[in-house]
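Asks: please find the sequence and the predicted model below.
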Amino acid sequence: MTIRRRRSCLDCKKRFTTYERVEEIPILVIKRDDRRERFDRKKLLNGIFKAVGKTTVTADQVEDIVSQVEQEITTKGKTEIKGQEIGDLVAMSLKKIDKVAYIRFASVFRRFVDVEEFEAELKKLL
């Protein structure tokens, strides 16, 4: 985003234009295998939309979740964040909104290995 400003010199009174740009510090996500990749809002949105398919969760609620996650990351002032932390933030939000969407998201995000792990997570909800 660029902001155009008209200014004038205090000495000669001549007018000129300046352009200001917000400098964004890229946020890197640390993956499970220690790779790093840029935080991608669209990728997070798509992952959540897959989990909330055929539930009562609205697109606006998904947008709010992603915005909250982004705000949380920037508030901490970190330039790197583990994917696990992002997943935990999303999972907590989904758990408050819709239990089915939470379980769907958690099953992919937490990589349940067997039925017992999945069952244990369901029992926590009940």
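Replies: Received the coordinates, thanks. Residues are numbered from 1 along each chain as shown.
Asks: pretty sure residue 45 is touching residue 62, no?
Replies: Yes. Counting by Cβ atoms under 8 Å, residue 62 is a contact partner of residue 45 at 6.5 Å. (Glycine included, C-beta is placed from N, CA and C.)
Asks: more neighbours: which of the two?
Replies: Higher neighbour count among residue 45 and residue 62: residue 62, with 23 against 15, using other Cβ atoms under 10 Å.
Asks: so which bits of stretch 10-28 are buried?
Replies: residue 27 (16 or more other Cβ atoms under 10 Å).
Asks: contacting residues for residue 49?
Replies: 59, 62 (Cβ atoms under 8 Å, 6 or more residues apart in numbering).
Asks: now it: how far from residue 55?
Replies: 10 Å (Cβ to Cβ, to the nearest Å).
Asks: likewise for residue 34?
Replies: 33 Å.
Asks: please apply the same query to residue 82.
Replies: In terms of Cβ to Cβ, residue 82 sits 27 Å off from residue 55.
Asks: average pLDDT for the longest helix along the chain?
Replies: Counting residues, the longest helix found in the chain (DSSP state H) is helix 59-76. The pLDDT scores in helix 59-76 average 90.
Asks: next helix or strand past that helix?
Replies: strand 80-82 (DSSP states H and E).
Asks: centre of the chain to the next helix or strand after that following strand, how far?
Replies: For strand 80-82, the following helix or strand on the C-terminal side (DSSP H and E) is helix 83-97. Its chain's average C-alpha position is 10 Å from that of helix 83-97, according to Cα atoms, centre = their mean, to the nearest Å.
Asks: mind giving me the packing neighbours of helix 83-97?
Replies: Helices and strands touching helix 83-97, by 3 or more Cβ pairs under 8 Å, 6 or more residues apart in numbering; DSSP states H and E, are strand 28-30, helix 41-52, helix 59-76, helix 99-109.
Asks: so residue 34 and residue 55 - more neighbours on which side?
Replies: residue 55 (16 against 7).
Asks: now that one: how far from residue 79?
Replies: Distance, residue 55 to residue 79, by Cβ to Cβ: 34 Å.
Asks: re earlier: what lies in contact with the longest helix of the chain?
Replies: Applying Cβ under 8 Å, 6+ apart, the set of residues contacting helix 59-76 is 27, 39, 41, 44-45, 48-49, 52, 81, 86, 89-90, 93-94, 97.
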